[in-house]
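Asks: sequence first, then the predicted structure, then my questions.
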Amino acid sequence: MAHEDGQASGGPRRLATGPSRLPVEPSPLPVEPSRLPATPSRLPVAVVAGFAGAGKSALIGRWLHERPKAERWALLGNASTEASPGPDDAPAGGAPALPGTPRAADAQGAVGRYRVAGGCACCTAQASARSALVALLRAGPWHRLIVELDGAARPEALIDLLQRPPFDALLEVDCIVAVVDAARPAPYESEPMHPLARSQVEVSTHIVLNHAERLAEPRLEVLVRRLADAPPFGRSVELTVDTPATNFPSPDEPAPNVRAGASASSAPSAAAPAQWRRPAHQVFHRARLQALAADWPARHPLAQATGVFRTARDWYIWRLDGSASIWEACAYRLGNRLRLAFTAGTPAHVEAAALASIAADLGRAIDHDRDEA
């Protein structure tokens with residue numbers, strides 16, 4: 001199978017341990033501090049979502065263990081999260097620490113820990129979340145912010161907060177990881193998928209599936225495929241196991257901590273789909289956008305299409321399969337995006353002209369009164 005950018009994959013592989021490095025797009029975090037921009041324009045943010053007990057804190061602990069020692073990272077979590085401070089973790093600038101965290105203000109390479117009190121950061125405690133964000137930004141500069149969400153939190157609501165002024169000019173969400181417990185797969189296996197589970201999957205760029213050995217192989221394969229192929233654009237899925245399998249890894253297999261697979265389709269076409277992207281701050285006029293999209297199948301040789309667009313009301317996904325199309329609200333938040341698959345045999349120059357025409361239509365659908373640039 002292949003992920004959406006065409007990278008080959010040998011299918012799901014079991015990992016002896018969880019991923020120890022942040023899976024950020026388009027490439028992992030720099031290992032050497034010197035490779036980081038001297039004055040980054042926006043602080044990169046990784047969001048970790050998942051039900052309570054799925055293993056979010058353990059995953060973050062591994063990331064912190066692999067953190068370059070000269071880098072300063074900030075961790076924001078709910079008061080109910082079970083974050084375990086490491087020996088070198090320290091809040092910068094006298095920031096509020098989780099219980100047991102040693103205080104060493106402004107220590108080089110510290111991990112500053114902040115918490116949201118009074119409820120969930122995505123809804124009832126948004127005021128507390130804003131205050132915590134202001135406090136940690138004032139205690140910067142940081143190289144990375146990690147946000148651990150409460151088990152009942154809707155990640156898209158928290159990302160909406162991060163993408164609104166004033167934080168949109170200071171923060172950039174570049175990685176959203178959903179942590180899934182294979183010992184409790186029912187919310188992700190149900191049909192339709194549990195609403196909160198669907199939200200976690202739709203919004204994520206990566207999924208970590210813990211305790212993979214708890215599922216029989218056929219059931220595991222089905223679950224991994226469903227998580228990897230879920231709308232809108234597919235994502236990578238990494239598997240972890242409590243104990244290594246007796247035949248893992250074989251000499252010709254990649255070392256642990258590789259991606260187990262990502263896919264936007266179980267049978268990818270030979271030709272790469274055409275892509276169009278715009279930043280998350282760009283807002284589209286919903287009625288105008290829907291009217292334009294309704295005309296595209298008649299004007300262009302489209303076989304399939306998937307698009308996600310931000311409007312003043314919500315984010316919407318548009319899916320076209322042949323002549324049938326649907327619009328519905330979705331949790332995806334990492335920018336406006338459109339992926340097009342043309343009918344077989346369409347000449348390259350026709351595809352290019354169609355993409356240019358659709359891009360021009362989209363330019364006319366921008367709601368300039370709502371654009372938050």
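Replies: Great, that's in hand. This structure is a prediction, so every number in the text was calculated from the model and none was measured. Residues are numbered from 1 along each chain as shown.
Asks: which intervals of the chain have sub-threshold pLDDT?
Replies: By pLDDT under 70, the low-scoring segments of the chain are 1-21, 24-40, 79-109, 118-125, 243-271, 371-373.
Asks: please, where are all the strands along it?
Replies: 14-15, 43-49, 73-78, 111-116, 144-148, 171-181, 206-210, 235-240, 262-263, 274-278, 302-310, 315-321, 324-329, 336-342 (DSSP state E).
Asks: name the residues that touch stretch 355-370?
Replies: 274, 276, 278, 282-285, 288-289, 292, 296, 299-300, 311-312, 338, 340 (Cβ atoms under 8 Å, 6 or more residues apart in numbering). No exception for glycine: its C-beta is placed from N, CA and C like everyone else's.
Asks: report the buried members of these.
Replies: Buried by 16 or more other Cβ atoms under 10 Å: 274, 278, 282-285, 288-289, 292, 296, 300, 311, 338, 340, out of the contacts of stretch 355-370.
Asks: need the residues you listed in TSV with distance to I159, can you?
Replies: Output for these, formatted as TSV (distance: Cβ to Cβ, whole Å):
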residue	distance to I159
A274	26
R278	17
Q282	15
V283	15
F284	18
H285	22
R288	25
L289	21
L292	26
W296	28
H300	32
T311	16
L338	20
L340	25
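Asks: tell me the two of these that are most distant?
Replies: Greatest spatial distance in the buried ones among the contacts of stretch 355-370: V283 and H300, 24.5 Å, computed using Cβ to Cβ.
Asks: pull the contacting residues for the most centrally placed residue in the chain.
Replies: By Cα atoms, centre = their mean, the mean C-alpha position of the chain lies nearest to I176, the distance being 2.6 Å. For I176, the contacting residues are 46-47, 49, 155, 159, 203-206, 333-334, by Cβ under 8 Å, 6+ apart.
Asks: isn't P297 right next to S323, touching?
Replies: Yes: assessed by Cβ atoms under 8 Å, P297 is found in contact with S323 at 6.0 Å.
Asks: who's more crowded, the two?
Replies: Higher neighbour count among P297 and S323: P297, with 16 against 8, using other Cβ atoms under 10 Å.
Asks: show me where this structure has helices.
Replies: Remark: helices assigned in the chain by DSSP state H are 56-66, 126-138, 155-162, 186-189, 195-203, 217-229, 286-299, 348-364.
Asks: between those, which gets nearest to G307?
Replies: Per Cβ to Cβ, nearest to G307 of the helices of the chain: helix 286-299, 7.5 Å.
Asks: list of residues touching that closest one?
Replies: Contacts for helix 286-299 (Cβ under 8 Å, 6+ apart): 302, 305, 307, 309, 311-313, 316, 318, 320, 323, 325, 327, 354, 357-358, 361-362, 364-365.
Asks: which of those are buried?
Replies: Buried subset of these (neighbour count, 16+ other Cβ under 10 Å): 302, 305, 307, 309, 311, 316, 318, 320, 325, 327, 354, 358, 361-362, 365.
Asks: burial count for the closest residue to W73 other than its chain neighbours?
Replies: Sequence neighbours aside, R144 is the residue nearest to W73 in space, at 4.6 Å (criterion: Cβ to Cβ, 6 or more residues apart in numbering). If you count neighbours by other Cβ under 10 Å, R144 ends up with 24.
Asks: do the same with V241
Replies: 19.
Asks: same question, H194
Replies: Neighbourhood size, H194 [other Cβ under 10 Å]: 15.
Asks: state the distance from the nearest residue in space to it that is not next to it in sequence to E202.
Replies: Leaving aside its chain neighbours, H194 sits nearest to P187 (3.6 Å; criterion: Cβ to Cβ, 6+ apart). To E202, P187 is 13 Å away according to Cβ to Cβ, to the nearest Å.
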